[in-house]
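Undergrad: mind folding the following:
(chains A, B, C and D)
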2 protein chains.
Amino acid sequence: MKNEDEPKDKRVKAADAQKLTMAEVAKYVGVSAMTVSRAFRQDASVSEETRKRIMEAVDALGYVLDLSAGSLSSRRSGFIAALVPSINNSNFSDTARGITDALENTGLQLLLGYTDYSAEKEERLIEAMLRRRPEGIILTGGSHTDRARRMLDKAGIPVVETWEIPEEPINHVVGFSNSEAMSLLVRALANQGYRRFGYIGGTTARDTRGSQRRSGFLKTVEELGLGPGRVISFGVPPITMEQGGQAVVSLLERWPDTEVVLCVSDLSAFGAIMECKRRGMNVPGDIAIAGFGDYEISSICHPSITTINVDCYGIGRQAAVRLLDAVHGGGSTGDEITLTGYRVVLRESTNRGGA
Amino acid sequence: MKNEDEPKDKRVKAADAQKLTMAEVAKYVGVSAMTVSRAFRQDASVSEETRKRIMEAVDALGYVLDLSAGSLSSRRSGFIAALVPSINNSNFSDTARGITDALENTGLQLLLGYTDYSAEKEERLIEAMLRRRPEGIILTGGSHTDRARRMLDKAGIPVVETWEIPEEPINHVVGFSNSEAMSLLVRALANQGYRRFGYIGGTTARDTRGSQRRSGFLKTVEELGLGPGRVISFGVPPITMEQGGQAVVSLLERWPDTEVVLCVSDLSAFGAIMECKRRGMNVPGDIAIAGFGDYEISSICHPSITTINVDCYGIGRQAAVRLLDAVHGGGSTGDEITLTGYRVVLRESTNRGGA
DNA sequence: TTCCAAATTGTTATCGATACCATTCTGTCC
DNA sequence: GGACAGAATGGTATCGATAACAATTTGGAA
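TA: Numbers count the residues shown, from 1 in each chain, chains lettered A, B, ... in the order given. Predicted structure coming up:
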C-alpha cells in the first residue's frame, strides 16, 4: 500500500513546463514571438538590450528552442547524415569523430547510422535518413543498391563518398585507393627481401575496401614476378582478431614456407601474431606479419605491427568540410575527388632477420 | 570547352523532385492527403487496395515521407538521444550498438553524442538534443551539471543513466557498481595468493567510473589487510595504451616489489603488459597485470589478460528497452534500478607462478 | 426492406517556429 | 525643420504532415 502523501510523479509538473512555447516567452518579455526567434540567431538584428531581456526570460522560464518546428518553416533540417559500416571499428569511429568535430559550431547535428557492411541495410538507412531531410549525406564506400542511388539522386542533396575511390562517384569523394595502398606495402616488403607472400582476408565482397586491398595484393605480387599470391579467405568481413589467428594457421598449413603474411586489417594481423606466438613461433623471425589501418594497438603491441597508416580522422573531417562547402557555398566548385594520404609504417613485425 | 549537349547538372532536376509533397501524391492517386498519411502507418485503417495504389504512386514518383513535418503535428519527434563518453572506446560503442539494435523496427531514431568525459560538454549536448525534442534520453554515468539536471527535469521525458549506480538517480538506471566489480577482482587475485597490489588509473575525477574503480580497489586492499594500495595516476582519462605502459614503469620504479597491477581498463593493462615485455620482464612471471572491461584484445593477446567482463552491449540494449517501456507504456512501473552482470575472467596475465 | 455498426475516406484546424513584408523609431545631414 | 537611411520590431502566412472529427460506404442482422 502506498503512502497517501507520497509526492506525485515529478514528471507531471515537468510535462506541463514542456509545453512552453516561443510565444509565451514573448508575452513574458513583452515582445513579439518573431523577436524572440531573432534573439536565438546570432546574425539577426535585435538590440543588445532586448536580446538580454529575452535570454533572461528564457533562462528563468527554462525554455528550450524547438528546432523541429523551425526546420519546417525554414526548410532547413539542420541535419547531416553519415553512414559507416561499423561503430565498433576504431578506424570508422575515428572518421565519425572527424565528422562530429568538423560539424561543431556549425549548428548542424549528425545523424549517424551503421550499415554492418550490408548494402541492403545501407539502403534502408538511407531511406530512414532522407525522411529527416538531411542537408547532406556522407557514405562509406561506393557500392550502393540501385534504389539507394535513385533515392540519393532525387533527394538533391550533396553526397560525399569516403574511404575509397568509387568507379562511378555520385558526387564528392574523400578517400584513397585501397588497392594502391596495399600495393605500396607489398613493394615495401619486397624491397626488404621478402619473396613468398601470403594474404589473409574475409570470404566475401561485402567489404569492398577489403576486396580492393586483396586485389592490390594479388596484382602487385604478380607484377613483381613473385608467383601467385597465397590467399586465405576466412570468415565474413569484417574479420576479427580471433579469425586472423585461425586464418594464419590455415595459411601455414597449406604453404608452410610463407615468409610474410599481409592481413586485411591490423585486427586480424594482431590475432595472427598472437596465435603464432602462442604456438611458439617467432614473429618476425619465423614469419613476418603486416596489417592495414594503423590501429592504436599496432604501435603498442610486441612486436609492433607493420601497417598502412590511414588518416581516418582526416577522412571524416574533410568529408564534413566538403559537405559544408556544398551545403552552404552552393557547391560552386562542382564534384571533386579529394585524395587522402596513407603511408607504410614499418615496424618490428616485419623486421628482416628480426628477433 | 565543354560540349554543349552535355547534360545539365543532375541536381537541378533533382532539386525540383525534392519538393514533392504528400498532397501531390494524393492528387496523383486521387485520394486525400490524409489517406496517404494513413497508408504509411501500418496500424491505420486503409483498404489494402488503396494502400497498394498509394505505395505504387510513392514508388513511381519517388516520394519520401517527411518526418519533421509529421513530428510537429503528432508531437512525437521519433528521436531517442544517447550520450556516451567516447565512440572510440569499444566498450561504449558496444553499448551504442545495443541501443541501436533495441531501437530497430520501433520507428525511433537514435541521436548519438559523445561527451569526451566532460560534464560541461554533456550539458551542451543535452541542450542540443532537447531542442530536437527526444522522447527519451540515455546518459552515461550519474555525474551531471546542475543546469543539465534542471533541463532534464523540465523536459519531462524519461531518462536512463547507465554504466554505474548514481547516488541520486534522475529516473531509471541500468548499470553496475564499478567499485564492487573492482573489489571482486582484488579479492579473486588475493585468493590466488597475491599480496602487494598496485593500481594504474587516470589523474582526475572526470571519469567517474574510473574513480569508482580506484576507490573499490583501495577499500578492498585495506579491508584485506594488505596495506595501503600503491596507486599511480597517469594522464587525463581515458588513459591510453601508451600511458598504461608509462604508468607501469613509474609504478615499478617507486615500488619495485609489486606483485600484481590492476588497471582502470584493459587498454592501459595491455599497454602495461607490452611495455613490460619490451623491457624483458615476464608477465605474469615477474609481474601480474589485470585490466577491466574485457575488450576483444584481452582474450586474444599473449599473455591473455585477466579482467572484469562487463555486459556492455546488454547495458545499451536494456537501457533502450527500459526507455521504450517508459516512453510507450507510460512508465507505469516507476523508476527502477536494473543491475547488469559482471564477472571476473582469470587469464594468463595473472597466472600464479605462470610462465 | 430497414437500420446500425464497422470500415473507409475526407475536411479542417493545428503543431511551433520562421520567411516575408510592413511599420515604427532613431539619428544625421542638408 | 524636413527628409531619409538604417536599425529594430511587429503581423501574417506558411512549412508539410497529422489529430480530431465528420461523412460516406459496406455488409449483415433484424
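Undergrad: please make it C-alpha for all contacts and neighbour counts, starting now.
TA: Noted.
Undergrad: and for the closest residue to DNA strand D within the stretch 151-300 of chain A, the neighbour number?
TA: Residue of the stretch 151-300 of chain A nearest DNA strand D, by C-alpha to the nearest atom of the strand: A:Ala155 (12.7 Å). When neighbours are defined as other C-alpha atoms under 10 Å in any protein chain shown, A:Ala155 has 26 of them.
Undergrad: where's it relative to B:Val31, distance?
TA: For A:Ala155, the distance to B:Val31 equals 25 Å [C-alpha to C-alpha, to the nearest Å].
Undergrad: next one: A:Leu184
TA: To B:Val31, A:Leu184 is 61 Å away according to C-alpha to C-alpha.
Undergrad: give me every residue that touches the residue most central in space within chain A.
TA: Centre of chain A computed as the mean C-alpha position; nearest residue by C-alpha atoms, centre = their mean is A:Phe92, 3.4 Å away. By C-alpha atoms under 8 Å, 6 or more residues apart in numbering or on different chains, the contact set of A:Phe92 is A:84-86, A:312.
Undergrad: picking that back up, ok, A:Leu184 and B:Val31, which is more surrounded?
TA: More crowded of A:Leu184 and B:Val31, by other C-alpha under 10 Å: A:Leu184, with 19 against 15.
Undergrad: which residue sits closest to the more buried one, ignoring its sequence neighbours?
TA: Nearest residue to A:Leu184, sequence neighbours excluded (C-alpha to C-alpha, 6 or more residues apart in numbering or on different chains): A:Val344, at 7.3 Å.
Undergrad: in the stretch 101-250 of chain A, what residue lies closest to DNA strand D?
TA: For the stretch 101-250 of chain A, the residue closest to DNA strand D is A:Arg131, as judged by C-alpha to the nearest atom of the strand, at 8.7 Å.
Undergrad: my bad, the stretch 1-150 of chain A
TA: Closest contact between the stretch 1-150 of chain A and DNA strand D, by C-alpha to the nearest atom of the strand, is at A:Ser73 (3.1 Å).
Undergrad: that residue is in what secondary structure piece?
TA: If you go by DSSP states H and E, A:Ser73 is part of helix A:67-74.
Undergrad: packing partners for that helix?
TA: If you count contacts as 3 or more C-alpha pairs under 8 Å, 6 or more residues apart in numbering or on different chains; DSSP states H and E, helix A:67-74 packs onto helix B:67-74.
Undergrad: I'd like the next helix or strand past the helix it packs on.
TA: Following helix B:67-74 in sequence order, the next helix or strand is strand B:79-84 (DSSP H and E).
Undergrad: which residues touch that following strand?
TA: Contacts to strand B:79-84, defined as C-alpha under 8 Å, 6+ apart, come from residues B:92, B:96, B:108-116, B:122, B:125, B:129, B:132-140.
Undergrad: just the ones in helices from those, please.
TA: Under the assignment DSSP state H, the contacts of strand B:79-84 contribute B:92, B:96, B:122, B:125, B:129 to helices.
Undergrad: that older thread, burial measure for the residue of the stretch 1-150 of chain A closest to DNA strand D, as a count.
TA: By other C-alpha under 10 Å, 10 other residues sit near A:Ser73.
Undergrad: A:Phe79: neighbour count?
TA: The local packing of A:Phe79 (other C-alpha under 10 Å) involves 20 other residues.
Undergrad: quick check: it vs chain B, distance?
TA: A:Phe79 is 11 Å from chain B, where distance means C-alpha to the nearest C-alpha, to the nearest Å.
Undergrad: re the thing from before, strands - which of the contacts of strand B:79-84 land there?
TA: Applying DSSP state E to those, the entries found in strands are B:109-114, B:137-140.
Undergrad: make CSV from the residues you listed and add distance to A:Gly227 to it.
TA: Formatted as CSV, the ones in strands among the contacts of strand B:79-84 follow (distance: C-alpha to C-alpha, whole Å):
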residue, distance to A:Gly227
B:Gln109, 51
B:Leu110, 50
B:Leu111, 51
B:Leu112, 49
B:Gly113, 49
B:Tyr114, 48
B:Ile137, 57
B:Ile138, 55
B:Leu139, 55
B:Thr140, 54
